[in-house]
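*Asks:* structure of the sequence below:
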Amino acid sequence: MTAAAAKPPNPAADILRGNRWTPVFAILAFGLLWEVVVRLGGINPLLMPPPSAVLLRLFEMLGPGEGATPDFLMVRHIAWTLFALLAGFLAAALVSSAIGLLMGINRTVYAWLNPIISVFMVIPNIAFVPVLILWLGLGMHTVIVVVVTGSCFPIIYTAAAGVQNVPKRMIWAAQTAGATRRQILTTVLLGATMPYLIAGHKLALGRAWRAVIAGEIFASTKYGVGFMIFDARTFLDSEAMFAGLVVVGLIGVSLERLLFGFIEKRTVERWGVATAKNL
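*Replies:* Numbering: from 1, shown residues only. Here you go, the predicted model:
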């Protein structure tokens, strides 16, 4: 037995070096520091309430309402936001993936669409919101369109780049084996492009999540986490505002980890394509 093997385990050292529990302890340490600073009078609790008060308010909003407050108010806001997010993101994913693949396959299409997309891509998504409100008015439909405009461009560019980076020898090998154009598209090109597509959809989901919150702040009229945060500002309800921010962070991380973790396991990892875990 070597000296390293005989050395007793040190859980504290493992946490400091980094393991699967490190993110949990990091968040708890940050919350504890925040709580102590506010409680000691370093920050005005009206502007930045302590985490304990934020969590208490969050649990209150998740339960039955009191007086004029509807029951399960936060659940209503979350459901409204998730519906707008998924509707806009799925629409953008379907249309943008098709456009990006077409741009990667056809040089003429790429030459005509690339300048137009490049111009719109550099415009901040929030700048489209006043125009969309002018065209469509206020409501859920406007928020969904904001999500579409905010998430389509990363998908288009990564899909096009994925097709353009497929080695020609893979296509030649498929042609030599007698594959048809449709088989080459569905098996060779689509399979080799999948890591690019997943990366683009990850980026798009992050932008879609920011877009839905921004869209709700300006265009929503009743429900939505973004609407709730902005509405709480009117009443100086900082606890509700920070509760909304906590919900935004938790849902954003959960969507990326759960949704794309499942997709990666069913596609690129199952097919043996290199991912970040293999590098």
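
*Asks:* how near is A174 to A192?
*Replies:* 11 Å (CB to CB, to the nearest Å). In short, each C-beta sits where N, CA and C put it, glycine included.

*Asks:* now swap in L47 and tell me
*Replies:* L47 sits 52 Å away from A192 when distances are taken as CB to CB.

*Asks:* residue ranges of the helices in the stretch 101-250 of the chain, please?
*Replies:* Listed in chain order, the helices of the stretch 101-250 of the chain (DSSP state H, counting those that start in this stretch) span 107-121, 128-136, 140-164, 168-176, 181-183, 190-219, 225-234, 238-254.

*Asks:* out of those helices, which comes closest to R20?
*Replies:* Closest approach to R20 among the helices of the stretch 101-250 of the chain (CB to CB): helix 238-254, 14.9 Å.

*Asks:* contacts made by that closest one with the rest, please.
*Replies:* Contacting residues not belonging to helix 238-254 are listed as 45-49, 53-58, 61, 74, 77-78, 81-82, 206, 209, 213, 225-226, 228-229, 232-233 [CB atoms under 8 Å, 6 or more residues apart in numbering].

*Asks:* what angle sits between it and helix 190-219?
*Replies:* Angle between the axes of helix 238-254 and helix 190-219 is 170 degrees (criterion: axes from the mean of the first three to the mean of the last three CA atoms, to 10 degrees).

*Asks:* then helix 238-254 to PDB, C-alphas only?
*Replies:* Listed in PDB are the C-alpha atoms of helix 238-254, where the atom choice follows Å, rounded to 0.1, in the frame of the first residue of the first chain:
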ATOM      1  CA  SER A 238     -37.900  44.200  -3.200                       C
ATOM      2  CA  GLU A 239     -38.500  40.800  -1.600                       C
ATOM      3  CA  ALA A 240     -40.800  39.800  -4.500                       C
ATOM      4  CA  MET A 241     -38.400  41.200  -7.000                       C
ATOM      5  CA  PHE A 242     -35.500  39.100  -5.700                       C
ATOM      6  CA  ALA A 243     -37.800  36.100  -5.400                       C
ATOM      7  CA  GLY A 244     -38.500  36.400  -9.100                       C
ATOM      8  CA  LEU A 245     -34.700  36.700  -9.800                       C
ATOM      9  CA  VAL A 246     -34.200  33.400  -7.900                       C
ATOM     10  CA  VAL A 247     -36.900  31.700  -9.900                       C
ATOM     11  CA  VAL A 248     -35.300  33.000 -13.200                       C
ATOM     12  CA  GLY A 249     -31.900  31.600 -12.200                       C
ATOM     13  CA  LEU A 250     -33.200  28.200 -11.000                       C
ATOM     14  CA  ILE A 251     -35.400  27.600 -14.100                       C
ATOM     15  CA  GLY A 252     -32.700  28.700 -16.500                       C
ATOM     16  CA  VAL A 253     -30.100  26.300 -15.100                       C
ATOM     17  CA  SER A 254     -32.700  23.500 -14.800                       C
END
